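Engineer: structure for this input, please:
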Amino acid sequence: MSRARLAAASAAGLALLAAPLIAADTPAEPPQRIISVDGALTEIVYALGAADRLVGVDTTSLYPAAAEALPKVGYKRALSAEGLLSLSPEVVLATDDAGPPEVLEQVTRAGVPIRSIPDTPTVAGLHRKIDAVAELLDAEATAERLRARIDRRLGAVEAATAEVARRPRVLFLLHVGGGNDLAAGRSTAADTVIRLAGGENVLHDAFEGYKPLSAEAALGAAPEVILVTERNLEGLGGKDGLLTRAALAATPAGDAGRVVSMDGPLLLAFGPRLGEAAATLARHLGTLEDDEVPTDTQAAGLAPAAP
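Structural biologist: Model (predicted):
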């Protein structure tokens, strides 16, 4: 065989060997049956216009209202393999705190991939969360518009609160009652929203995450505002019920009766409505009076972005 023919035959052989590799790298079709195990991830799926692909959600997925009609697979940290697999998902979309791990391993062994996304309560973390969901859904262009809309909203809040002379000192209580008051330190959704709203989390430097709050710590923190979820405050019988706790009543916030309640999913989900959460809290704190900062769901990013 001539050298030219040998070269041609070798090239053809290499092309045949390479063909399966190229095919294997071809992106698969976006999944059509998705379970979302996190309230923010569920909101992002809706915001990216892919709600019709959701076949189930966890119990933290409370917004938008349509999500509550979907089959529930339980609390995100207490999932069951049977509940997840019974809905025949093509993929389970979850944050990295979902579990228990053995359940997720069982689901993976059954052939259903788990797409785990870091749950970092920062604006950059939210951007990464949106991008990860968009990559799964093949909706990168819509995600870019969604991120831009969130940033515009947050920028408007930041500009409106920039001239605040003094930041109100805020204590957020995740849970009050049963002798186990849980307060928010740094690296929490509540901490970030408080700061975005022009406030100061009184426990930011004290600890990370959510930890029990002693009476001494509550008094020492000297908050000017006590922030709780609407559901928790309702369970306590309102502001008067909250302030029956002597340590809270003795703080500057308790003395002035400055108790603020917000919708829990809005305040804590850390999803597309982050700008709305910051603006709402800022109005409660008195750091924002600018009516030009919108509050409608389009600005919050729940409707699919326009081209």
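Engineer: show me the shaky parts of the stretch 101-250 of the chain.
Structural biologist: Applying pLDDT under 70 to the stretch 101-250 of the chain picks out residues 178-179.
Engineer: that one: strands as residue ranges?
Structural biologist: Taking DSSP state E, counting those that start in this stretch, the strands of the stretch 101-250 of the chain run over residues 114-117, 169-175, 182-184, 200-201, 210-212, 225-229.
Engineer: okay if I get the ones you listed as TSV plus mean neighbour count?
Structural biologist: Backbone N, C-alpha and C define where each C-beta goes, glycine included. TSV is the format used below for these (neighbours: other C-beta atoms under 10 Å):
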stretch	mean neighbour count
strand 114-117	18
strand 169-175	24
strand 182-184	23
strand 200-201	22
strand 210-212	15
strand 225-229	26
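Engineer: turn those into a markdown table, columns for distance to Leu70.
Structural biologist: Listed next are the strands of the stretch 101-250 of the chain as a markdown table, based on distance: least, C-beta to C-beta, whole Å:
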| stretch | distance to Leu70 |
| --- | --- |
| strand 114-117 | 18 |
| strand 169-175 | 25 |
| strand 182-184 | 29 |
| strand 200-201 | 34 |
| strand 210-212 | 28 |
| strand 225-229 | 22 |
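Engineer: do you know which of these lies nearest Glu82?
Structural biologist: Nearest to Glu82 among those is strand 114-117 (15.6 Å), distances taken as C-beta to C-beta.
Engineer: out of the strands of the stretch 101-250 of the chain, nearest to Arg33?
Structural biologist: strand 114-117 (13.1 Å).
Engineer: now that closest one: how far from the chain's centre is it?
Structural biologist: Its chain's C-alpha centre and that of strand 114-117 lie 14 Å apart, by C-alpha atoms, centre = their mean, to the nearest Å.
Engineer: repeat for stretch 139-149
Structural biologist: 16 Å.
Engineer: buried set for it?
Structural biologist: Ala139, Thr142, Ala143, Arg145, Leu146, Arg147, Arg149 (16 or more other C-beta atoms under 10 Å).
Engineer: shouldn't Ala110 be in contact with Leu85?
Structural biologist: Yes. Counting by C-beta atoms under 8 Å, Ala110 does reach Leu85; the two are 5.7 Å apart.
Engineer: more neighbours: the two, which one.
Structural biologist: Neighbour tally, Ala110 and Leu85, criterion other C-beta atoms under 10 Å: the higher count belongs to Leu85, 17 against 10.
Engineer: distance of that one from Leu70?
Structural biologist: Here Leu85 is placed at a distance of 16 Å from Leu70 (C-beta to C-beta, to the nearest Å).
Engineer: again with Leu242
Structural biologist: 33 Å.
Engineer: between the two, which is the more surrounded one?
Structural biologist: Between Leu242 and Leu70, Leu242 has the larger neighbour count (other C-beta under 10 Å), namely 22 against 18.
Engineer: list the contacts for the more buried one?
Structural biologist: Val176, Ile226, Val228, Leu233, Leu236, Leu248, Val259 (C-beta atoms under 8 Å, 6 or more residues apart in numbering).
Engineer: now Val55
Structural biologist: Contacts of Val55 (C-beta under 8 Å, 6+ apart): Arg33, Ile34, Ile35, Leu70, Pro71, Leu87, Ser88, Pro89.
Engineer: helix, strand or coil for it?
Structural biologist: Using DSSP: H, G, I helix; E, B strand; the rest coil, the structure places Val55 in strand.
Engineer: please apply the same query to Leu79.
Structural biologist: Assigned with three-state DSSP, Leu79 falls in the coil class.
Engineer: ok, now which ones touch it?
Structural biologist: Each residue near Leu79 by C-beta under 8 Å, 6+ apart is listed here: Val37, Asp58, Val73, Ala98, Gly99, Pro100, Val103, Leu104.
Engineer: which of those are buried?
Structural biologist: Buried residues within the contacts of Leu79, counting neighbours by 16+ other C-beta under 10 Å: Val37, Asp58, Val73, Ala98, Val103, Leu104.
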